[in-house]
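S.K.: kindly return the folded structure for what I paste below:
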Amino acid sequence: MFEDLFTIKFLVLALLCFLGAFIDSIAGGGGLITLPAYMASGLPPHLALGTNKMSGLFSSIGSSINYARSGKVNWTLMKYLLPFSFTGAFIGVKAVIRTKAESISYIVFVALVLVFLYTLFNKKIGQENEFEGLTKKNLIEGAIMALVIGFYNGFLGPGTGSFLAFFLIKIFKYDFINGNGNARILNLAGNITGFLVFLANGKILLNYGIPISIVMFLGAQCGSHCAILKGNKFIKPIFLIVTVLTILKMFFQLF
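M.R.: Below you'll find the predicted structure:
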């Protein structure tokens, strides 16, 4: 009986995590599905966070491979931004292991609302790739963005993909598909850092993490393939839906 219950619970977890990885590879926000799914399966909060970070790492790898192969990643830009993303995520994970994350949630909630409204009412944002090259100004802005969002990725997480894509589009004038491709690489950096710190602190349950990581890798491969194939008009509505769902989730948690 208990084995059957565990099997059903695990299959539901796998299905939800596949869906989360699929959505995350298109517009971010997969953690909205995967983290609650881990917690509903009975894992304590820190183990759920750590195991989710491990499977999220493989989801990021799955989507990053497809975006990189399709030429949607600017590796010169990534060379400058990745160290800041790694550093921010490392500090964030170390902080969340020792503190409660609620203190930053109110700021993030307001920021997500502003991102949603700006994207909703600015019809042209992300529709055309207007990237004209790297300058001292946009590299400095990008480095600050990577450090701050990297910290948030390690510390709390929900909405990280949305923030990364939005600010890459704003700062570097990418369209949604190129902004999302570069966002996947930065998110991957944060997930690698988070995974290593959680692993070192014994906060990952490998018998859950390994099989779900494989499931999420496949989900991310499928989702990123759809995004690349269908383009900006497909990505923007999903981006808006994921962002508003993140806002609603945080609203109910906070208020």
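S.K.: residue contacts, the spatially most central residue of the chain?
M.R.: Centroid-nearest residue in the chain: Gly161, 3.8 Å away (criterion: CA atoms, centre = their mean). Residues in contact with Gly161 (CB atoms under 8 Å, 6 or more residues apart in numbering) are 24, 27-30, 180, 183-184, 187, 242. C-beta coordinates here come from the backbone N, C-alpha and C atoms, glycine included.
S.K.: turn the residues you listed into TSV, including secondary structure and distance to Phe86.
M.R.: What follows is these, written out as TSV (DSSP: H, G, I helix; E, B strand; the rest coil; distance: CB to CB, whole Å):
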residue	secondary structure	distance to Phe86
Asp24	helix	20
Ala27	helix	23
Gly28	coil	19
Gly29	coil	22
Gly30	coil	21
Asn180	helix	20
Ala183	helix	15
Arg184	helix	15
Asn187	helix	12
Val242	helix	25
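S.K.: from those residues, which single one is nearest Gly150?
M.R.: Ranked by distance to Gly150 (CB to CB), these are led by Asn187 at 9.3 Å.
S.K.: check contacts around that closest one.
M.R.: Applying CB under 8 Å, 6+ apart, we find Asn187 in contact with 28, 60, 153, 160-161, 164.
S.K.: what's the neighbour count on Glu130?
M.R.: The tally of other residues near Glu130 (other CB atoms under 10 Å) stands at 12.
S.K.: for the nearest residue to it once chain neighbours are set aside, what are its contacts?
M.R.: Spatial nearest neighbour of Glu130, chain neighbours left out: Lys173 (4.1 Å); criterion: CB to CB, 6 or more residues apart in numbering. Taking CB under 8 Å, 6+ apart, we find Lys173 in contact with 129-132.
S.K.: residue ranges for the helices of the stretch 1-150 of the chain, please.
M.R.: Using DSSP state H, counting those that start in this stretch, the helices of the stretch 1-150 of the chain run over 2-27, 31-40, 45-69, 75-98, 102-121, 136-155.
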